[in-house]
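Asks: Structure of the sequence below:
(2 chains)
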Amino acid sequence: QQQVKQSPQSLIVQKGGISIINCAYENTAFDYFPWYQQFPGKGPALLIAIRPDVSEKKEGRFTISFNKSAKQFSLHIMDSQPGDSATYFCAASIVGDDKIIFGKGTRLHILP
Amino acid sequence: NAGVTQTPKFRILKIGQSMTLQCTQDMNHNYMYWYRQDPGMGLKLIYYSVGAGITDKGEVPNGYNVSRSTTEDFPLRLELAAPSQTSVYFCASTPGGVVTEAFFGQGTRLTVV
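Replies: Numbering: from 1, shown residues only, chains lettered A, B, ... in the order given. Model (predicted):
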């Protein structure tokens, strides 16, 4: 119930293409769904986040799509660039609770 | 603001040695966390703290200890290091309450030989 399942484990996309990473959860009490971006040798950093009262959130080339009934959410990176090559983690938490539950991560490589 | 600072960045330990990974944050955050990151396994929570004097176990606490005597500092102690503790360790903090963004340090890469 406390798991967040992320797929794929790795992804290769051509420059200019769309990168899509998917996550699924079981605990319907989760009410905050962030995505973190991690570059090699660095700690993860918040990229974009969504709450379940909206179905989509867009920030620049990054979009979260959220399907509450399916208990799934995904990250879309439009016009993917080599600088987007990183590891991406989805996560879920309950606002006011102690812990953040992370997915296992997706290594994204954008071909130049 | 420095954010979350971890020291050291790299360390090699021999089996059976002990060490303390330091973590300090200057954002006055109540919540602090220690994670370990292994290839393909994501971030696993070791210990966390919701305030000074309060700590609790996460998913993988065995072989580790923590303390939280101040809001700023949250050191992680490894006793009797084992090869299974070879990993990258991240400290993180959040304000808690309705603000849930986590701020991470740059990590400590630990190798136990």
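Asks: Let me see the ranges of the strands in the chain.
Replies: Using chain A. Secondary structure of chain A, counting by DSSP state E: strands at A:4-7, A:10-14, A:19-25, A:33-38, A:45-50, A:56-59, A:62-67, A:72-77, A:86-93, A:100-102, A:106-111.
Asks: my bad, chain B
Replies: B:4-7, B:10-13, B:19-25, B:31-38, B:42-51, B:54-57, B:64-66, B:76-78, B:87-94, B:103-104, B:108-112.
Asks: And the first one, what does it pack against?
Replies: Looking back up the chat, that one is strand B:4-7. strand B:19-25, strand B:87-94 (3 or more CB pairs under 8 Å, 6 or more residues apart in numbering or on different chains; DSSP states H and E). Quick note: C-beta positions are derived from backbone N, CA and C, even for glycine.
Asks: Quick check: which of the strands of chain B is nearest to A:Ile20?
Replies: strand B:42-51 (18.8 Å; CB to CB).
Asks: close to chain A, is that closest one?
Replies: Yes - Strand B:42-51 is in contact with chain A by CB under 8 Å from any CB of the partner chain, via B:42-43, B:45, B:48, B:50.
Asks: For those residues, which entry has the maximal number of neighbours?
Replies: With neighbours taken as other CB atoms under 10 Å in any protein chain shown, the top of those is B:Leu43, carrying 28 neighbours.
Asks: picking up where we left off before, now the residues of strand B:42-51 next to chain A in TSV, with pLDDT?
Replies: Output for the residues of strand B:42-51 next to chain A, formatted as TSV (pLDDT from 0 to 100):
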residue	pLDDT
B:Gly42	88
B:Leu43	92
B:Leu45	93
B:Tyr48	94
B:Val50	91
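Asks: Tell me which two in these are the farthest apart.
Replies: Most distant of the residues of strand B:42-51 next to chain A, by CB to CB, are B:Gly42 and B:Val50, 22.3 Å apart.
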